[in-house]
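Enquirer: Okay, predicted coordinates and the sequence, questions at the end:
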Amino acid sequence: MVVIVSLVAAVLFGSGDFCGALATRRATALQVVAGSHLIGLVGVGLLAVALGNPVTGRDLGLGAAGGVLGAVGVGLLYRRLAVGPMYLVAPVTAVTAAAVPTLWGWLRGDSLSPVAWGGVVLALGAVALVSSVADRDDGQGPITPAAVVESLGSGLGFGGFYILIAATDADSQPWPIVGARLTTALGLLAVLAVLRRAPLPTDRNGITLIGATGLFEVAANCGYLYASTHGQLAVAAVLVSMYPISTVVLARLVLDERMTRLQIVGVVGAIAAAGLITRG
């Protein structure tokens, strides 16, 4: 069950990132993150009230701290995906986001079989392959040091979010996500107010994309929360971090961006990695 939920969360994360990247072409990255987090807050808040699970200040605090790191990661990711190259930014972010909690879980005593560790390594390689097009001229601009640095920063933000959310009590779900979204939504709205900018663009399609981003992301966060608190952090984090696969597939289906042979190999590798992790 943990593997299945993690993979579903990966698909949702990738779909949210794709919508967020498109939205950033119609609005600022700050508007996209603030708007999507506000919409996500409403959705997860209603879910939390409906479930009625108990919650402690510690769980809300960990969620809030994780939300701040996650918001930094999302903001950097959307900015970089918008200016491109999308196929290069995604793997750097995803591999970093997976490696940080995997290392943390190992240091904390996570015990995986050799087969499962083989799946973890294969998954990291697959994520890199599925998005790598270093020699591709896709019109999104050249690879720059700023793109690499911001992608690494985004991955560190996501990795920190994964670690903090996994440390919450499983019985409190989904309240830690409420804490995360409440903190970031209010903080980002305050920044927009200071800058005298609207939280949402006037473009209707942009608003729709922001709404889809928020709902996809909060659903993915809830899925990861369940997987990481009911299973091993390394497994959940690595599987969820395979989200660039759905981003690339959507880019192919919606934007008609051609997939290279390396990307196809990466997709196959990711499937094999999921199988190894499951068996391990």
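Expert: Great, that's in hand.
Enquirer: Tell me how many other residues crowd residue 171.
Expert: In terms of burial, residue 171 registers 12 neighbours under the definition other Cβ atoms under 10 Å. Every C-beta, even on glycine, is put in place using the N, C-alpha and C of the backbone.
Enquirer: what residue ranges in this structure score low on pLDDT?
Expert: When residues are selected by pLDDT under 70, those of the chain lie in 81, 84-88, 131-143, 280.
Enquirer: show me where it has helices.
Expert: Assigned helices in the chain, in chain order: 2-23, 29-51, 57-83, 86-107, 114-131, 145-166, 175-195, 204-230, 233-240, 244-254, 261-279 (criterion: DSSP state H).
Enquirer: possible to save those as JSON lines with mean neighbour count?
Expert: Converted to JSON lines, these look like this (neighbours: other Cβ atoms under 10 Å):
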{"stretch": "helix 2-23", "mean neighbour count": "24"}
{"stretch": "helix 29-51", "mean neighbour count": "21"}
{"stretch": "helix 57-83", "mean neighbour count": "22"}
{"stretch": "helix 86-107", "mean neighbour count": "24"}
{"stretch": "helix 114-131", "mean neighbour count": "21"}
{"stretch": "helix 145-166", "mean neighbour count": "21"}
{"stretch": "helix 175-195", "mean neighbour count": "21"}
{"stretch": "helix 204-230", "mean neighbour count": "22"}
{"stretch": "helix 233-240", "mean neighbour count": "28"}
{"stretch": "helix 244-254", "mean neighbour count": "20"}
{"stretch": "helix 261-279", "mean neighbour count": "18"}
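Enquirer: Contacts only, for residue 97.
Expert: Taking Cβ atoms under 8 Å, 6 or more residues apart in numbering as the contact definition, residue 97 lies against 73, 154-156, 158-159, 162, 237, 241.
Enquirer: how does it look with 6 Å?
Expert: Residues touching residue 97, when contacts are defined by Cβ atoms under 6 Å, 6 or more residues apart in numbering, comprise 155, 158-159, 241.
Enquirer: With adjacent residues omitted, what lies nearest to it?
Expert: Spatially, and ignoring its direct neighbours in sequence, residue 97 is nearest to residue 158 (3.7 Å; Cβ to Cβ, 6 or more residues apart in numbering).
Enquirer: In TSV: the contacts of residue 97, plus distance to residue 47.
Expert: TSV is the format used below for the contacts of residue 97 (distance: Cβ to Cβ, whole Å):
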residue	distance to residue 47
155	28
158	22
159	25
241	24
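Enquirer: tell me which of those is nearest to residue 174?
Expert: Within the contacts of residue 97, the smallest distance to residue 174 is 18.3 Å, found for residue 158 (Cβ to Cβ).
Enquirer: how near is the closest one to residue 205?
Expert: Using Cβ to Cβ, to the nearest Å, one gets 27 Å for the distance from residue 158 to residue 205.
Enquirer: Also residue 25?
Expert: 10 Å.
Enquirer: ok, now residue 196?
Expert: Using Cβ to Cβ, residue 196 is found at 24 Å from residue 205.
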